[in-house]
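Novice: Next input, structure requested:
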Amino acid sequence: MKKCLACGNLQEAGNFCGSCGSSLVDVENTPTTSDQNPSAGTPVQPNEQVQPNQPYQQVPPVQADQQNQWSQPNQQFQQGQSNQQFQQFGQGQGQPNQQYQQYQQAPPQPNVHVERMKEQSTMFFNSFVEYLKKPSSIFNNGEREFINGIISLSIFVFIISLALFGAVNSTFGFFGNSFIIFLRVFFPALIIIALIVGVVLFGIFLISMWFGPNNSLKEVIGFLGALTNPVSMLAVLALLFSFIAPALGGNLITLSLVLAIFIVPLYIIGHLLSVKSKAVDSFYAYLIYVAGTSVAFFILMTIFTMISINSLMGGFGLFGGFGF
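Specialist: Here you go, the predicted model:
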């Protein structure tokens, strides 16, 4: 009987093991210890000849501590890889859910233009109330109130134009369509009054530049806009009465225009010339302003009157005989 020292296979004939290919030895020549523990001997390499009577050297078994030292790092490495893969898998599965939660929890972004309009409206309301109580305090903050001044003047022009339409519609509404009267009165009035306000602003600016402290155009707009706030309140009354009592509404419209076009600008010019007056006497500055603006107003009012009459009499075009 022959035995393989490498794998312990027993076979009756042959020089090499049929299982692993190692050399075989006779069982009679093998020490008894190898029968009890065949795997404890030195493994025989293939094609290695073993002497029949040569004892083999027993290799001491590997200690359990050494096996643990070699196996624990491998186990830790494998566990680390598996944990890392599990974490990555969990993160990969959780990312869409986290993004969805963030999308749900994120508040909607406000509209920038709407927020700016709200902020500007709040600032204008506070400015309107402040200068309605103390109008003369505008001379310390003229340029800072430039935007609010533009808004105030625009509101005044719009209200007066609408009041003019109300007065004309209440008087001549029985003779035509109210919508046609609105188109042929409101828009021409809006354009003419806006031009008149522009003439007033430009006149104050020229007087300040030539005879006064040389204020900027932004300051002049801030001055006139703030001092027109009380007149705008009167214009609101004119608008209401223009539909109820056209005669009273017309008188209030005239009073509002006189205050906004003549009285308030003269007050601004008087204040500016009192702060600083140049070579020409302030009296002549008044005369120059009144003469220049009167000529400009006469031209504009003549154009407006002709447009209104032609419109009401059925002239050509939207605004009458001028073909607009």
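Novice: ranges for the helices of the stretch 51-200 of the chain?
Specialist: Per DSSP state H, counting those that start in this stretch, the stretch 51-200 of the chain carries helices over the ranges 64-105, 112-133, 146-172, 178-181, 187-211.
Novice: Pull out the buried residues from the shortest one.
Specialist: Going by neighbour count (16 or more other Cβ atoms under 10 Å), the buried part of helix 178-181 is Ile181. C-betas here are computed from N, CA, C, even on glycine.
Novice: Which elements pack onto it?
Specialist: Counting contacts by 3 or more Cβ pairs under 8 Å, 6 or more residues apart in numbering; DSSP states H and E, helix 178-181 is packed against helix 146-172.
Novice: helices or strands up against the helix it packs on?
Specialist: Checking 3+ Cβ pairs under 8 Å, 6+ apart, helix 146-172 ends up next to helix 112-133, helix 178-181, helix 187-211, helix 217-227, helix 229-244, helix 246-258, helix 282-312.
Novice: CA atoms only for stretch 211-224, dumped as CSV, please.
Specialist: The C-alpha trace of stretch 211-224 is given here as CSV (Å, rounded to 0.1, in the frame of the first residue of the first chain):
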residue,chain,number,x,y,z
PHE,A,211,-30.2,134.0,-10.6
GLY,A,212,-30.2,131.6,-7.6
PRO,A,213,-28.1,128.9,-5.8
ASN,A,214,-27.8,126.8,-9.0
ASN,A,215,-29.8,123.8,-7.8
SER,A,216,-29.8,120.6,-9.9
LEU,A,217,-32.8,119.5,-11.9
LYS,A,218,-33.3,116.5,-9.5
GLU,A,219,-33.6,118.9,-6.6
VAL,A,220,-36.1,121.0,-8.4
ILE,A,221,-38.2,117.9,-9.2
GLY,A,222,-38.1,116.9,-5.5
PHE,A,223,-39.1,120.4,-4.5
LEU,A,224,-42.1,120.7,-6.8
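Novice: what residues does that stretch touch?
Specialist: Residues from elsewhere that reach stretch 211-224 (Cβ atoms under 8 Å, 6 or more residues apart in numbering): 138-139, 141-146, 148-150, 153, 197, 200-201, 204-205, 208-209, 264-265, 268-269, 272-273, 275-278, 280, 282, 284-285.
Novice: do that again at 7 Å, thanks
Specialist: Contact with stretch 211-224 is made by 138-139, 142-143, 145-146, 149-150, 153, 200-201, 204-205, 208, 264-265, 268, 272-273, 275-278, 280, 282, 285, as judged by Cβ atoms under 7 Å, 6 or more residues apart in numbering.
Novice: now stretch 160-177
Specialist: Stretch 160-177 has contacts (Cβ under 7 Å, 6+ apart) with 178, 181-182, 185-186, 189-190, 193, 235, 238-239, 242-243, 246, 249-250, 253, 256-257, 312.
Novice: Could you pick out the buried ones from the residues you listed?
Specialist: 181, 185-186, 189-190, 193, 235, 238-239, 242-243, 246, 249-250, 253, 256-257, 312.
Novice: Distance to Gly14 and mean pLDDT for the helices and strands packed on helix 146-172 - can I get that in a markdown table?
Specialist: Putting the helices and strands packed on helix 146-172 into a markdown table (distance: least, Cβ to Cβ, whole Å; pLDDT from 0 to 100) gives the following:
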| stretch | distance to Gly14 | mean pLDDT |
| --- | --- | --- |
| helix 112-133 | 94 | 85 |
| helix 178-181 | 121 | 77 |
| helix 187-211 | 121 | 92 |
| helix 217-227 | 116 | 94 |
| helix 229-244 | 122 | 93 |
| helix 246-258 | 130 | 93 |
| helix 282-312 | 129 | 82 |
